[in-house]
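Asks: coordinates only, sequence not included:
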């Protein structure tokens with residue numbers, strides 16, 4: 001299973017008003033593990049950056065003056081995401097900007113290149129209705145260190161989002177995947193892989209285990225012995 005965690009930074013909020021992508025970052029996961037492969041590009045938008053947007057990401061037009069245009073990196077970008085499932089926080093925003101850039105170049109939409117899109121913002125709202133579900137709020141909720149995130153940056157945000165996504169979907173691990181025996185590699189903002197801190201494991205207390213067993217017995221009784229979570233005693237032939 002190949003997945004790409006993706007984020008962009010832009011000159012403003014609406015591609016229909018001519019706003020452009022100025023940064024795109026993708027990091028690769030295979031079978032829920034970071035591979036260390038990533039794509040990170042700054043692009044010259046050929047237009048001004050809104051003051052509000054620059055206050056969020058801190059990227060200036062002067063910094064982007066010598067950077068390639070999106071047309072110069074589009075082939076590398078499409079090749080990197082080809083066939084993968086995309087994981088994006090507030091996916092309609094990023095997909096809207098990417099497709100606007102691709103339309104300018106007469107290229108096919110992102111959805112026809114990748115193998116589906118997961119919107120972690122939509123997922124978080126379903127899991128935590130009525131709560132704040134920004135990336136910072138999710139990092140706090142899942143105890144993920146985001147202290148280095150003073151400004152929005154596409155590469156750092158993809159790394160944090162990968163941690164958030166894995167935390168939100170921890171119960172969905174395939175039975176074919178062995179449990180992690182060591183910390184996963186972590187991609188820093190500078191693109192260097194560093195070791196992650198070990199995950200915190202909270203084990204059930206004896207009273208919680210006893211209550212769990214009691215509930216299973218109730219389910220088994222109500223379902224006339226059809227509870228699939230209780231071990232069954234084999235009947236001798």
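Replies: That came through fine. Model, not experiment: these values are computed from the prediction.

Asks: Now for residue 71, how many residues are close by?
Replies: Close neighbours of residue 71, defined as other Cβ atoms under 10 Å, add up to 12. Any C-beta I mention is one placed from the backbone N, CA and C, and that applies to glycine too.

Asks: er, residue 53 I mean
Replies: By the measure other Cβ under 10 Å, the count of residues near residue 53 is 19.

Asks: Could you report the distance from it to residue 13?
Replies: Noted for residue 53: a distance of 7 Å to residue 13, by Cβ to Cβ, to the nearest Å.

Asks: Then residue 120?
Replies: Distance, residue 120 to residue 13, using Cβ to Cβ: 19 Å.

Asks: More neighbours: these two, which one.
Replies: Legend: neighbour count by other Cβ under 10 Å for residue 120 and residue 13, higher for residue 120 (23 against 13).

Asks: in the chain, what spans have low per-residue confidence?
Replies: Regions of the chain meeting the criterion pLDDT under 70 cover residues 150-151, 171-201, 226, 228-237.

Asks: need the strands for it, in chain order.
Replies: Along the chain, counting by DSSP state E, strands occupy 2-10, 21-30, 33-42, 85-88, 117-119, 185-187, 193-195.

Asks: Buried deepest among the ones you listed, which one?
Replies: For the strands of the chain, the largest average neighbour count (mean count of other Cβ atoms under 10 Å) is found in strand 2-10, namely a mean of 25.

Asks: partner strands of that one, parallel or antiparallel?
Replies: Next to strand 2-10 in the sheet, as set by DSSP bridges, lie strand 21-30 (antiparallel), strand 85-88 (parallel).

Asks: Name the residues that touch the last one?
Replies: If I follow you right, that is strand 85-88. Outside strand 85-88, the residues that touch it by Cβ atoms under 8 Å, 6 or more residues apart in numbering are 1-7, 94-95, 110, 114-120, 161-162, 165.

Asks: what's the answer for stretch 40-54, then?
Replies: 9-13, 18-26, 59-61, 63-70, 72-73, 76-77, 154-155, 191.

Asks: ok, of those, which come out buried?
Replies: Among the contacts of stretch 40-54, those scoring as buried are 9-12, 19-26, 59, 64, 67, 70, 73, 77, 154-155 (criterion: 16 or more other Cβ atoms under 10 Å).
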